[in-house]
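S.K.: Give me the fold of what follows.
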Amino acid sequence: MKKIRRIIFLQDVLILACTSFGGPQVHLAMFIERFVNKRNYLTEEELLELQALCAFLPGPTSTQTITALGYKIGGPNLAYLTLLVWITPAVAIMTAAAFGMTYLQNRDIIRFIQPIGVAFIIHAGYALGTKVIKNTSGVLLMMVAAMFAFYFQSPWVCPIALIIGGTYTALDYKDYPAQTKHKMVIPWANFHLFWAFLLFLAVLGHFTDYEPIRLFENFYRNGSLVFGGGQVLAPILYTEFVEFKHLVRADDFLTGMALSQALPGPVFALTSYLGTLVMKNGTWWEQLLGSAVGAAGIFLPGTFLIFFVYRIWGQLKQYRGIRASLEGINTTSIGLTLAAAVTFLVPMVKQVDIIGIATVLATLVLIQFTKIPSFFIFLGGLALGFVFGFLV
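M.R.: Residues are numbered from 1 along each chain as shown. Presented below is the predicted three-dimensional model:
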């Protein structure tokens with residue numbers, strides 16, 4: 001019975017990997033629908049707690065959330081399988097895109113994809129806000145977090161905002177029932193693996209000229225330090241790979257970034273695209289190695305961290321302040337999502353992009369008043385892009 005349950009879970013993960021567009025908050029809404037409402041793997045409260053925990057860690061939030069869920073259901077082995085199933089579709093498409101860059105130069109093909117993605121982000125933020133935000137104080141916290149993230153765009157904004165939001169609601173810890181406290185037992189193995197591997201790659205990358213090792217170190221370092229998802233990772237990688245090291249052309253990077261945001265699954269799959277492009281002067285298998293290094297480097301540190309934190313999560317929740325902080329972390333996370341949506345909308349408004357704005361509004365209507373699956377909405381946007389690109 002357990003084996004069948006795990007196979008069904010992996011099938012669910014594969015379906016989500018192929019259909020979940022739009023980033024962590026959109027992914028969370030789909031996780032609630034499938035894992036909570038349909039399969040009853042856990043409660044909605046437990047999933048929101050898990051998402052808040054992962055949002056507080058560096059690395060890809062959705063990937064850590066779904067990996068931790070795999071760990072909860074079937075232990076470490078199922079967790080690693082979950083990670084592989086979740087990232088494989090996006091990584092495969094981004095690798096193929098890097099091999100076929102000459103066919104992607106017409107960016108009109110993905111003209112409608114970003115506005116559709118923005119609409120999904122807005123809708124997910126609203127839907128989750130109705131579940132998480134319970135009072136006027138929560139609305140104000142969300143708005144402050146959104147303005148903070150919008151006006152101070154920095155890699156450190158996300159962790160700072162989450163810490164402040166969590167601390168704010170932690171002050172109301174007396175509203176939560178006390179629990180009998182037990183001595184904490186902390187298994188440090190995965191945490192030591194996380195930092196030791198980072199140190200090992202840094203030293204190895206310093207003393208070797210082998211490009212895949214240096215790439216591995218680069219992506220692992222970024223995966224260890226980046227908070228806030230793909231919208232934060234992309235500009236950091238652009239600065240390093242395009243402006244500083246000149247390993248990737250600017251137009252190639254921007255095309256890959258737009259495509260990664262248009263695909264289902266983790267936006268961090270952009271690194272497999274970059275790894276392939278960096279190795280483009282090598283053989284085809286060396287380019288595939290670059291893709292594998294990009295994916296492994298960006299996803300492994302977050303996996304090591306969530307394995308460490310999830311094992312002590314049950315012990316941490318015995319403290320009322322920790323439980324109270326989750327409300328603020330989730331509320332702040334919605335504010336950060338709102339800021340991301342506004343960041344995408346502002347250029348459309350400034351450029352008077354009637355097509356983009358109309359696409360956002362039309363998509364919101366489709367999401368709100370129809371039951372058309374997200375996959376078909378994005379597929380329709382891609383089809384419109386092909387027509388638009390052909391006409392242009």
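S.K.: List the buried residues in the strand or helix carrying residue 118.
M.R.: Applying DSSP states H and E as the criterion places residue 118 in helix 113-132. Neighbour counts over helix 113-132 (16 or more other Cβ atoms under 10 Å) mark 113-129, 132 as buried. (Glycine included, C-beta is placed from N, CA and C.)
S.K.: Please tell me how far stretch 322-342 is from the chain's geometric centre.
M.R.: Chain-centre distance of stretch 322-342: 14 Å, with Cα atoms, centre = their mean, to the nearest Å.
S.K.: Stretch 128-137 now?
M.R.: Here the centre of stretch 128-137 is set off from its chain's centre by 22 Å, with Cα atoms, centre = their mean.
S.K.: what's the span of it, first residue to last?
M.R.: Length of stretch 128-137, first residue to last, Cα to Cα, to the nearest Å: 16 Å.
S.K.: Just the mean pLDDT for it, thanks.
M.R.: The pLDDT scores in stretch 128-137 average 83.
S.K.: and what of stretch 383-392?
M.R.: Throughout stretch 383-392, pLDDT has a mean value of 76.
S.K.: Buried residues of that stretch, list them for me.
M.R.: 384-385, 388.
S.K.: from those, which is closest to residue 277?
M.R.: residue 385 (22.3 Å; Cβ to Cβ).
S.K.: Surely that closest one and residue 116 touch.
M.R.: No. Using Cβ atoms under 8 Å, residue 385 is not in contact with residue 116; the gap is 10.1 Å.
S.K.: list the helices and strands the helix or strand containing residue 290 packs on?
M.R.: Assessed by DSSP H and E, residue 290 sits inside helix 284-316. Helices and strands touching helix 284-316, as assessed by 3 or more Cβ pairs under 8 Å, 6 or more residues apart in numbering; DSSP states H and E, comprise helix 44-55, helix 61-99, helix 189-206, helix 211-225, helix 270-278.
S.K.: so which of those helices is the most packed in?
M.R.: Counting by mean count of other Cβ atoms under 10 Å, helix 270-278 has the highest mean neighbour count of the helices and strands packed on helix 284-316, with a mean of 28.
S.K.: For the helices and strands packed on helix 284-316, give me JSON lines that also has distance to residue 181 and mean pLDDT.
M.R.: What follows is these, written out as JSON lines (distance: least, Cβ to Cβ, whole Å; pLDDT from 0 to 100):
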{"stretch": "helix 44-55", "distance to residue 181": "19", "mean pLDDT": "86"}
{"stretch": "helix 61-99", "distance to residue 181": "23", "mean pLDDT": "92"}
{"stretch": "helix 189-206", "distance to residue 181": "22", "mean pLDDT": "86"}
{"stretch": "helix 211-225", "distance to residue 181": "32", "mean pLDDT": "86"}
{"stretch": "helix 270-278", "distance to residue 181": "41", "mean pLDDT": "92"}
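S.K.: For residue 309, find the nearest of those helices.
M.R.: Going by Cβ to Cβ, the one of the helices and strands packed on helix 284-316 nearest residue 309 is helix 44-55, 6.4 Å.
S.K.: hey, C-alpha coordinates of the closest one in CSV?
M.R.: Presented in CSV, the C-alpha positions along helix 44-55 are these (Å, rounded to 0.1, in the frame of the first residue of the first chain):
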residue,chain,number,x,y,z
GLU,A,44,-3.6,23.0,4.5
GLU,A,45,-2.2,24.5,7.7
GLU,A,46,0.7,22.0,7.5
LEU,A,47,1.4,22.9,3.9
LEU,A,48,1.4,26.6,4.6
GLU,A,49,3.7,26.0,7.5
LEU,A,50,6.1,24.1,5.3
GLN,A,51,6.0,26.8,2.6
ALA,A,52,6.7,29.5,5.2
LEU,A,53,9.7,27.4,6.5
CYS,A,54,11.1,27.0,3.0
ALA,A,55,10.5,30.7,2.1
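S.K.: What lies in contact with it?
M.R.: 24, 28, 31-32, 35-36, 42, 61-62, 64-65, 68-69, 131-132, 162, 306, 309-310, 313, 317, 326, 329-330, 333 (Cβ atoms under 8 Å, 6 or more residues apart in numbering).
S.K.: Go again with 6 Å.
M.R.: 28, 32, 36, 61, 64-65, 68, 326, 329-330, 333 (Cβ atoms under 6 Å, 6 or more residues apart in numbering).
S.K.: can you give me the angle that helix makes with helix 284-316?
M.R.: Put simply, helix 44-55 runs at 120 degrees to helix 284-316, going by axes from the mean of the first three to the mean of the last three Cα atoms, to 10 degrees.
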